[in-house]
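Engineer: coordinates only, no sequence provided:
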């Protein structure tokens, strides 16, 4: 199966369950549930949950067993988008071609919808009855591992440095920090979670972690490239919006060609880490290749 | 030991550990860690962590075993204060006599500091190595139970209704909802957590839950009363600030005397739930009584 097929079928599998673990929008108080569903249902590739599933399957696990945890990673991702878009942060009006959460529901509800999605993600990640074929110790470990990736030694750290670097000249080291921390850590943690929940051994977990770190950074470099080269319709936000905000990007620092080469090399090295796995890791290999193909 | 003594010693016990589970303020990126520590160290009674400990001790548990989880409840509480104070929400400049987080660090860092404290709380609540005398299954259960209390079927639900009710006439039912959800659920969940982590049986857990629900509501009613009757210096915020914001309160709806009676009755009924416990539950009994004595 090609990466495009695997990603598309994975996305359908996740989309069929994406609302299952959220209150309906008629649940009191309605506004917050409408706001949460609005952003969760605003589209997206469901990349993080699909990576949870692909990692689980790579180590011989079952996608149904890790489904609630996989959905939780999408709630986490959605929370970060809602808070990132707020006027006090990136101040974006458009996300995936639609008005951002605070444009529709107001800032107060948008802040709380982000908080609520993060909370609901933790609710799912610790819901042992939902994942009854996962050992409680593994569930606890995966949840704890995920929280490390989301805090100030992870995603929030990257977010802070990103904000504080706006409009300033930054060096390659800082740019790499922002990309690895703001984007890479959640991607890596999603892959690790699928593996931990499916009883990966230490060698497998280490290999998948390194793979995840490589493709996580490659993914963000490709995003930088697409911000310059893609059509607005493909991107769902203003093309060149990073430039407009004076955000540092890989193409700005290294040029387009060199950035593509860096992304390709990262993916190649990442895929090489998967040599210890059999063909059940093929989706992960294909997804890695697909990441860089997006740039051409 | 009197409630005042127990609360004061409990507060010292918590304060000695309150920074242990946060990065130092010199950790990169510094601004977010400074912001987190600023609000965590801004004072407060450490009521929620002391209740975790008191509930643990009531069922024969040990305060040292539940300490990291207890500290986590204070991080949660601090996150809610930082986000509540934001301009888009309550727009408060002063908290515990000091400028609020966003006044000192700006809105972006304040939003992220709240996010980071919530995340760090979940990090602690799932850190089985830190709580190695707690069974992993109990840790998972307490963490999951806590997340229920923090989401839209708990604290955030109360917060939403509170915001949406501002400046409107509201009925007794809505006011009770706001108080129970916004304040009561975290207080109840803190008590439940101490009990779950210390292997409470179902009867004990049910009794402590009902106790927690009663004193949680009483606590907020007393807060409403103090907002009118206390000196500014005692309160650390503007006296009558609820009135100024046109927030509904118990005294506004029922009058001062009737509000006091309601709080007293709640505490009395709550303490009656503790009849199945021996004198190790005396601190919980005393704390309940202390709550209403604050009003006189």
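Structural biologist: Perfect, I can see it now. Here the structure is a predicted model, which is why all the values come from computation and not from measurement.
Engineer: which parts of the stretch 1-150 of chain A are strands?
Structural biologist: Under the criterion DSSP state E, counting those that start in this stretch, the stretch 1-150 of chain A carries strands at the ranges A:94-95, A:98-99.
Engineer: paired strands for the first one, with orientation please.
Structural biologist: Sheet neighbours of strand A:94-95, with direction, are listed as strand A:98-99 (antiparallel) (DSSP bridges).
Engineer: and the helices in the stretch 151-296 of chain A?
Structural biologist: A:155-165, A:172-179, A:185-197, A:202-229, A:232-235, A:241-244, A:250-254, A:256-272, A:282-293 (DSSP state H, counting those that start in this stretch).
Engineer: centre of the chain versus the fourth one, how much separation?
Structural biologist: Centre-to-centre, helix A:202-229 and its host chain are 10 Å apart (Cα atoms, centre = their mean, to the nearest Å).
Engineer: mean confidence for that helix?
Structural biologist: Helix A:202-229 shows a mean pLDDT of 95.
Engineer: now do it: which elements does it pack against?
Structural biologist: helix A:47-58, helix A:172-179, helix A:185-197, helix A:232-235, helix A:241-244, helix A:250-254, helix A:256-272, helix A:282-293 (3 or more Cβ pairs under 8 Å, 6 or more residues apart in numbering or on different chains; DSSP states H and E). All C-beta atoms are positioned from the backbone trio N, CA, C, and that covers glycine.
Engineer: in the first one, what counts as buried?
Structural biologist: Think helix A:47-58. Judged by neighbour count (16 or more other Cβ atoms under 10 Å in any protein chain shown), helix A:47-58 contains these buried residues: A:47-58.
Engineer: the residue nearest to residue A:282 when sequence neighbours are not counted: how many residues sit nearby?
Structural biologist: Closest residue to residue A:282 apart from its sequence neighbours, by Cβ to Cβ, 6 or more residues apart in numbering or on different chains: residue A:1 at 7.8 Å. Around residue A:1 sit 11 other residues, with neighbours defined as other Cβ atoms under 10 Å in any protein chain shown.
Engineer: do the one 3 residues further on as well
Structural biologist: Other residues within reach of residue A:4 by the criterion other Cβ under 10 Å amount to 12.
Engineer: enumerate every residue touching the closest residue in space to it that isn't next to it in sequence.
Structural biologist: Once flanking residues are discounted, residue A:4 sits nearest to residue A:290: 6.6 Å by Cβ to Cβ, 6+ apart. Residues in contact with residue A:290 (Cβ atoms under 8 Å, 6 or more residues apart in numbering or on different chains) are A:3-4, A:7.
Engineer: give me the pLDDT value at residue A:290.
Structural biologist: pLDDT, residue A:290: 90.
Engineer: okay, it and residue A:222: tell me how far apart.
Structural biologist: Computed as Cβ to Cβ, to the nearest Å, the residue A:290 to residue A:222 distance reads 10 Å.
Engineer: again with residue A:275
Structural biologist: Taken as Cβ to Cβ, the span from residue A:275 to residue A:222 is 23 Å.
Engineer: have a look at the two and say which one is more surrounded.
Structural biologist: residue A:222 (23 against 9).
Engineer: looks like the more buried one contacts residue A:263 (just checking).
Structural biologist: Yes. Look at residue A:222 against residue A:263 with Cβ atoms under 8 Å: they come within range, at 5.4 Å.
Engineer: enumerate every residue touching the residue nearest to residue A:188 when sequence neighbours are not counted.
Structural biologist: Setting aside the residues directly before and after it, residue A:188 is nearest to residue A:212 in space (Cβ to Cβ, 6+ apart), at 3.4 Å. Residue A:212 makes contact with A:51, A:184, A:187-192, A:270, according to Cβ under 8 Å, 6+ apart.
Engineer: ok, now with 6 Å
Structural biologist: Each residue near residue A:212 by Cβ atoms under 6 Å, 6 or more residues apart in numbering or on different chains is listed here: A:187-188, A:191.
Engineer: quick check: residues of the stretch 151-296 of chain A near chain B?
Structural biologist: A:151-152, A:156-157, A:160-161, A:163 (Cβ under 6 Å from any Cβ of the partner chain).
Engineer: now these as CSV including neighbour count, distance to residue B:134 and pLDDT?
Structural biologist: Below are these laid out as CSV (neighbours: other Cβ atoms under 10 Å in any protein chain shown; distance: Cβ to Cβ, whole Å; pLDDT from 0 to 100):
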residue, neighbour count, distance to residue B:134, pLDDT
A:151, 22, 22, 98
A:152, 27, 25, 98
A:156, 25, 27, 98
A:157, 26, 29, 98
A:160, 26, 32, 98
A:161, 20, 35, 97
A:163, 21, 37, 94
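Engineer: okay if I get these as CSV plus distance to residue A:72?
Structural biologist: Output for those, formatted as CSV (distance: Cβ to Cβ, whole Å):
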residue, distance to residue A:72
A:151, 16
A:152, 20
A:156, 17
A:157, 21
A:160, 23
A:161, 26
A:163, 26
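Engineer: with that, I have no additional questions.
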